[in-house]
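Novice: need a structure here:
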Amino acid sequence: MDDVISYKCPNCAAPLVFDSEKQQMLCESCKNTFTVEQMDTFNSSANAKDSVEFEWTRENEAELENMNVYSCPSCGAEIVADENTAATECLYCGNQTIIPQKLSGAYKPDYIIPFKVDKETAKKSLRNFYKGKILLPKFFKDENRIDKITGVYVPFWLFDCDVNADVVFDAKRTHTWSDKSYNYVRTDHFIVQRSGDICFEKVPVDGSTKMQDSYMDAIEPFNYDELTEFNPAYLSGYLADKYDVSSQASSERANSRVNESVKEAFAQTVTGYNSVTTKSCSMRINGGKVRYALLPVWMLNTKYGNKTYTFALNGQTGKMVGELPFDKSRFWGLLLGAAAAVFAVGQIFVFLI
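Specialist: Residues are numbered from 1 along each chain as shown. Here you go, the predicted model:
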């Protein structure tokens, strides 16, 4: 059974969590706060003890081949987590635990952005997200429908590179004029070439198969000025996963994002035409470098009918994305109401004529 790290209050021994507002470790029992550096010093000696060993067996070993078991340092209960879990909590006593084995060697992050948005703010953001949406079912708006909210440090690869590119565009310029007999349209076609160098820094690609790529892309950008050197103390009070998609496997998405950004940036320099389309793009990437970071994300789940709706919120900036249901009966009611209004206006117009 492997060891886990649990941050305890030096005053009352209650569990500590990372407070996103104070940016310090907080004891929810005695309300004392400690810096990450203070807890590093204290924890190095406080956790210097042997873990409790348990022997365990399961009937369905095949289902658990990717699961690991740990001992909770607070109550001694078993903590079962999958092979990618780096931070979790004990289901019995609620103690926040960090699994250092998942954050060492190649799995040790270079950087982390600590949470700045707390749980209550995340809940309020969800309610604000669906304000003013008239087709949203009324029952869905009940705040008690928030089924689950989880703060997760999501593994991201951050790619740096220098790009030298040659891009060719098809451009069109249209002229129109008329005389007494005809309307004329003349379209001139142009080949426009652009060449240049672009430097990319910290192009993000999430390294977790658990997260929807579209959601992770949509909650960007993160403010990378707040990247800090990784310390496991920031994970206390949140869940965290190590990457299960390697940087090499993620490079295809990074290259695609760089390619689209290059074409978009060069296209913005082609002005004075009615339409511009990319004909070809040749890129040479140099100085490629990749770093590993954990970035803060709130995942919110709510149920309506037989479907679970998932929302993702940037734990640093508060930007939210997600899918919303719509009330079909209200939609048809509004549509019929609008049609009736148009019909009434038409009848008045006919009467006046």
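
Novice: Show me where the stretch 151-300 of the chain has its strands.
Specialist: 183-206, 228-229, 239-241, 275-304 (DSSP state E, counting those that start in this stretch).

Novice: Now for Ser195, how many residues are close by?
Specialist: Neighbour count of Ser195, defined by other Cβ atoms under 10 Å: 11. Every C-beta, even on glycine, is put in place using the N, C-alpha and C of the backbone.

Novice: Tell me the bridge partners for Arg194.
Specialist: Val167 (DSSP bridges).

Novice: Which per-residue confidence value corresponds to it?
Specialist: At Arg194, the predicted lDDT confidence score is 94.

Novice: can you check Cys9 too?
Specialist: Here, the pLDDT recorded for Cys9 equals 78.

Novice: Name the nearest residue to it, sequence neighbours excluded.
Specialist: Spatial nearest neighbour of Cys9, chain neighbours left out: Cys27 (3.8 Å); criterion: Cβ to Cβ, 6 or more residues apart in numbering.

Novice: now Pro114
Specialist: Tyr234 (4.9 Å).

Novice: Would you mind finding the most buried of the strands of the stretch 151-300 of the chain?
Specialist: strand 239-241 (a mean of 23; mean count of other Cβ atoms under 10 Å).

Novice: what does the average pLDDT come to for that one?
Specialist: Strand 239-241 comes out at a mean pLDDT of 84.

Novice: May I see the strands of the stretch 151-300 of the chain arranged in CSV, with distance to Met39 as well?
Specialist: Formatted as CSV, the strands of the stretch 151-300 of the chain follow (distance: least, Cβ to Cβ, whole Å):
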stretch, distance to Met39
strand 183-206, 28
strand 228-229, 15
strand 239-241, 17
strand 275-304, 18
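
Novice: Select, out of those strands, the one closest to Lys124.
Specialist: Among these, the nearest to Lys124 by Cβ to Cβ is strand 275-304 (11.3 Å).

Novice: Low-confidence ranges, the protein, go.
Specialist: The model of the chain has pLDDT under 70 over residues 1-5, 42-83, 86-87, 89-97, 99-106, 132-147, 325-353.

Novice: again, 50 this time
Specialist: 1, 47-65, 77-78, 91-92, 143-144, 331-335, 337, 343, 347, 349-352 (pLDDT under 50).

Novice: can I see the domain layout of it?
Specialist: 16-103, 121-322 (automatic domain parsing).

Novice: can the ones you listed go into a markdown table with extra columns for distance to Pro114?
Specialist: Below are those laid out as a markdown table (distance: least, Cβ to Cβ, whole Å):
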| stretch | distance to Pro114 |
| --- | --- |
| domain 16-103 | 6 |
| domain 121-322 | 5 |
